[in-house]
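Asks: Structure, please.
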Amino acid sequence: MNRPLPSFLEPGGLALLLFGGKGGVGKTTCAASSALRMARLAPARSVLLVSIDPAHSLQDSLAGLTPPANLKTLELDAQEYLGKFRAKNGQKLREIAAAGTFLDDEDINRFLNLSLPGLDELMAFLEISGWLEDRRYDSIVVDTAPSGHTLRLLAMPGLIRKWLHMLDTLLAKRRYMRKVFGKSKGRDQLDLFVDQWDASLRRTETLLRDPSRCRFVPVTIAEPLSVRETAALLAELRQWRIPAPDLIVNLLHPQNGCPTCSSARALERQQMEHLRTVVGGSPQSLW
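Replies: The predicted model follows:
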């Protein structure tokens, strides 16, 4: 009897499908094979397979395979998108900092050059979210960075929102001065810049939490270190309310007459039971 497909490969197609896990567990291979399957099941839908892992192996996983015509592959340089953001918006951020503080140019430059862990991945992810908003692709499959990077990425929108609140506080003095001396009550381009950033973050968070449009698929192997990292990842996904109903356990030893394989499978079964305990009462399916 054939086992049914995982929910993330069911007909209809998700807008966003993310694969994550510890380095070396096969998440890139799982992302690539899922994207190929999605593209072949729905030839009329455009699919993007994109990697935001700093150590890209997407092209290696395809091993020279020519993808279907409706599937595009891309290895994103997250640092490049962070650089583009700073080049495009650096002057606005300087104006905001200058308007609300007594910092000199050197202090402002030091503030703007701060590199928060996960900020580069967030910039790349916001770009991906924008492609979906613009309907450039019907579905995007993302090979994320190893779980440590991914955990920082999941926490980053909350940190950025605090940063935007700080920027808005800096602008409050400027708005007051414009109202008193310029008789202007409207929000100007700097206020709108902060508003647009906040709106973009909210749209991205809404997309990530919508089970009809987005799924996160943790990939693990049945060994203690990987299982512990997967448990931490699942806890974060629950905290951020990101749907993850399926969990892939990769590289299991085959069931055969080999004594070595049988011994390895016994150890793997122990870890699988631990995984089921980690999953608890939630509806995750193990594949």
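Asks: Next, the buried residues of the longest strand along the chain.
Replies: In terms of residue count, the longest strand belonging to the chain (DSSP state E) is strand 214-221. Judged by neighbour count (16 or more other Cβ atoms under 10 Å), strand 214-221 contains these buried residues: Cys214, Arg215, Phe216, Val217, Pro218, Val219, Thr220, Ile221. Yep, even glycine has a C-beta here, placed from its N, CA and C like the rest.
Asks: could these go into JSON lines alongside pLDDT and distance to Ala172?
Replies: Converted to JSON lines, the buried residues of strand 214-221 look like this (pLDDT from 0 to 100; distance: Cβ to Cβ, whole Å):
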{"residue": "Cys214", "pLDDT": "93", "distance to Ala172": "35"}
{"residue": "Arg215", "pLDDT": "93", "distance to Ala172": "40"}
{"residue": "Phe216", "pLDDT": "94", "distance to Ala172": "37"}
{"residue": "Val217", "pLDDT": "94", "distance to Ala172": "43"}
{"residue": "Pro218", "pLDDT": "93", "distance to Ala172": "42"}
{"residue": "Val219", "pLDDT": "94", "distance to Ala172": "45"}
{"residue": "Thr220", "pLDDT": "93", "distance to Ala172": "47"}
{"residue": "Ile221", "pLDDT": "92", "distance to Ala172": "51"}
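Asks: with those in mind, which one is nearest to Ala235?
Replies: For the buried residues of strand 214-221, the residue nearest Ala235 by Cβ to Cβ is Pro218; the value is 11.0 Å.
Asks: Bridged to the closest one, which residues?
Replies: Gly20 (DSSP bridges).
Asks: how much space between it and His165?
Replies: 31 Å (Cβ to Cβ, to the nearest Å).
Asks: Quick check: the gap between Arg215 and Glu268.
Replies: Distance, Arg215 to Glu268, by Cβ to Cβ: 25 Å.
Asks: Low-confidence stretches in the stretch 151-287 of the chain?
Replies: Within the stretch 151-287 of the chain, the stretches with pLDDT under 70 are 182-186, 279-287.
Asks: How are the helices of it distributed by residue range?
Replies: In the stretch 151-287 of the chain, the segments counted as helices under DSSP state H, counting those that start in this stretch are 189-208, 224-239, 259-279.
Asks: Which elements pack onto the shortest one?
Replies: The contact analysis (3 or more Cβ pairs under 8 Å, 6 or more residues apart in numbering; DSSP states H and E) places helix 224-239 against helix 147-181, strand 214-221, helix 259-279.
Asks: How about residues contacting it?
Replies: Helix 224-239 is contacted from outside by 20-22, 25, 147, 150-151, 154-155, 216, 218, 220, 244, 247, 271, 274-275, 278-279, 282, 284, using Cβ atoms under 8 Å, 6 or more residues apart in numbering.
Asks: Could you say which of the helices of the stretch 151-287 of the chain is packed most deeply?
Replies: Of the helices of the stretch 151-287 of the chain, the one with the most neighbours on average (mean count of other Cβ atoms under 10 Å) is helix 224-239, at a mean of 17.
Asks: returning to that earlier point: wait, which of the helices of the stretch 151-287 of the chain is closest to Cys30?
Replies: Of these, nearest to Cys30 by Cβ to Cβ is helix 224-239, at 13.4 Å.
Asks: Just the angle for that closest one relative to helix 259-279, thanks.
Replies: Going by axes from the mean of the first three to the mean of the last three Cα atoms, to 10 degrees, helix 224-239 is angled at 20 degrees with respect to helix 259-279.
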